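# what would the 3D arrangement of this be:
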Amino acid sequence: MGFGSIPGMGDVFETIMNVKAKVAGDLAAPHAGRDANFILQVLTRPRSSGWIKLKGRDPWLKPIIQPNYLRESEDVIAMVEGFE
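Numbers count the residues shown, from 1 in each chain. Sure thing, here's the model as predicted:
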């Protein structure tokens, strides 16, 4: 799937940013063929931390992943300040 006019960009968004390729494509569709910019903001040292738990003894079971994004208020403040 293409992202705007860039073939395969939706796959990049899915892999790197955990945004499904279809969602990324749907967001980009109105801007296809036109110049556009986007901003990617990342916390390089977040205070929030998540956890990973095994579902069972079977190594082929996918683990339970709880990232706890923006759980700490300092992370929310930092993200807002970054956009300002």
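# in the protein, which ranges drop under the pLDDT threshold?
1-13 (pLDDT under 70).
# for the most centrally placed residue in it, list the residues it contacts.
With distances taken as C-alpha atoms, centre = their mean, residue 17 lies nearest the centre of the chain, 2.9 Å away. Taking C-beta atoms under 8 Å, 6 or more residues apart in numbering as the criterion, residue 17 is in contact with residue 40. (C-beta placed from N, C-alpha, C; glycine too.)
# phi and psi next, for it.
Phi and psi for residue 17, reported as degrees, to the nearest 10, are phi -110, psi 0.
# that one and residue 31, how far apart?
Taking C-beta to C-beta, to the nearest Å as the measure, residue 17 falls 17 Å from residue 31.
# over to residue 22?
If you go by C-beta to C-beta, the gap between residue 22 and residue 31 works out to 16 Å.
# of these two, which one has the most company?
For the pair residue 22 and residue 31, the greater number of neighbours falls to residue 31 (14 against 11), based on other C-beta atoms under 10 Å.
# what ranges do the strands span in this structure?
2-3, 6-7, 51-53, 64-66 (DSSP state E).
# quick one, domains of this protein?
Split into domains by automatic domain parsing, the chain comes to 1-37, 41-84.
# contacts only, for residue 71.
residue 48.
# and for residue 69?
Residue 69 touches 48, 50, 75, counting by C-beta under 8 Å, 6+ apart.
# most neighbours of all these, which one?
residue 75 (17 neighbours).
# check whether that one really touches residue 48, as I assumed.
Yes. Judged on C-beta atoms under 8 Å, residue 75 makes contact with residue 48 at a distance of 5.0 Å.
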